[in-house]
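1. coords please:
(chains A and B)
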Amino acid sequence: MTNETYKKLVDLYAGHELPTELEEQMELAAYSEPDLNQDMTTLRRTVDMLQSDPGIEFTNESYQRILMRLYAQGANVETSAPTPTHFQYHLPMQG
Amino acid sequence: MLTRASFCAMRSSLPMPNDALRDSLAEKRWLNALIEGDPTALGGIYDLYSERIFRYAYRMLGNRSDAEDATAETFLRVMRRSSELRADGAFRTWLFRITRNLCIDKLRQAKLMDLPPDMQYSGSEDRSALRVTVQQALSELPTEYREPIILCDLEEMPAREAAEVLRISLAALKSRLYRGRRALRDKLGSAVERTS
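-> Modelled structure (predicted):
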């Protein structure tokens, strides 16, 4: 197999895109080829690390701040989330 | 006319085979309601997509405030263009494309002002440190590699849909994704070896 073919197979292996049988063959081949083993392991770990990243939390504060921006632009947005308490009271204008 | 209360009741009571199908049905119903002029429909679409759009914008921009701005602007565009929308399954692609364009504009502005990204992740210290390392390495990748990784690996979007968002062929998407992963692995270096 050429290096280019190996590289493509490693890319597919890293992304869990190979059928099980072919994946097992790749792992078998990696036993006797340390460079291939290193390539396969580190690339798959990179992909796994990315795919398991829960990312930034979408906080209630962000949810409400975005809604405020939408209201400020005249959007009528009625969501299923309860209205925060500070939206429920209208204080009299001073002065 | 579909009401939010009836839709929420239906959403929680009907047995659905999976979340994707449930969301796809919800999207179709809310879009039809929006097209028909139902004033409450934008809230339904906001509930369905605000989190995904915000997270995508955050991953593109690395900054909560800008991500909130981009998310709000995305939904404003949905509202302004509601008469042109069609419930034909391409809505999500269109939505992500709008967010992407807004993020690219913001990145251009930030580049002009050279603003540092704000990266605050929740979780344990080690995991947070690792995520910041990954985010940092990701932000250093060229955009053509970074975008497929954000859409396919972080947002778990199918490759074909990601290609449509980026307006490139599926083959080009996969080529950029694979090259991007290798470039990211090389940037992460020993951090990858320490994980298992």
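
2. how about low-confidence regions in chain B?
-> Counting by pLDDT under 70, the ranges of chain B that qualify are B:1-18, B:87, B:89, B:111-128, B:194-196.

3. if you set the cut-off to 50 instead, what comes out?
-> Scanning chain B for pLDDT under 50 picks out B:1, B:4-5, B:7-16.

4. which residue ranges form the helices in it?
-> For chain B, helices defined by DSSP state H occupy the ranges B:4-13, B:19-35, B:41-61, B:64-80, B:91-113, B:125-139, B:143-148, B:159-166, B:170-188, B:190-194.

5. ditto for chain A
-> Under the criterion DSSP H, chain A contains helices at A:3-14, A:20-31, A:34-51, A:60-72, A:85-88.

6. rank these by pLDDT, which is bottom?
-> Comparing mean pLDDT over the helices of chain A, the weakest stretch is helix A:85-88, at a mean of 54.

7. and for the closest residue to B:Ile35 other than its chain neighbours, the neighbour number?
-> Leaving out its chain neighbours, the residue that sits closest to B:Ile35 by CB to CB, 6 or more residues apart in numbering or on different chains is B:Leu85, at 5.7 Å. Every residue, glycine included, has its C-beta placed from N, CA and C. Using other CB atoms under 10 Å in any protein chain shown, B:Leu85 has 16 neighbouring residues.

8. roughly how far does B:Leu85 sit from B:Arg160?
-> With the distance defined as CB to CB, to the nearest Å, B:Leu85 ends up 21 Å from B:Arg160.

9. hang on, the earlier thing: A:Leu18 is nearest to which of the helices of chain B?
-> When those are compared for distance to A:Leu18 using CB to CB, the nearest one is helix B:170-188, at 13.3 Å.

10. list the buried ones in that closest one?
-> Of the residues in helix B:170-188, B:173-174, B:176-185, B:187-188 count as buried by neighbour count, 16 or more other CB atoms under 10 Å in any protein chain shown.

11. what subset of those residues is also close to chain A?
-> Intersecting these with the contacts of chain A gives B:Leu177, B:Tyr178, B:Arg181, B:Arg182, B:Leu184, B:Arg185, B:Leu188 (criterion: CB under 8 Å from any CB of the partner chain).

12. using TSV, lay out those together with distance to A:Thr5.
-> As requested, these are exported to TSV (distance: CB to CB, whole Å):
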residue	distance to A:Thr5
B:Leu177	18
B:Tyr178	14
B:Arg181	18
B:Arg182	16
B:Leu184	23
B:Arg185	20
B:Leu188	25
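
13. got a list of what B:Val78 touches?
-> Shown in contact with B:Val78 (CB atoms under 8 Å, 6 or more residues apart in numbering or on different chains): B:Leu34, B:Leu42, B:Ile45, B:Leu85, B:Leu95, B:Ile98.

14. what's the distance between it and A:Ser52?
-> Distance of B:Val78 to A:Ser52, given as CB to CB: 31 Å.
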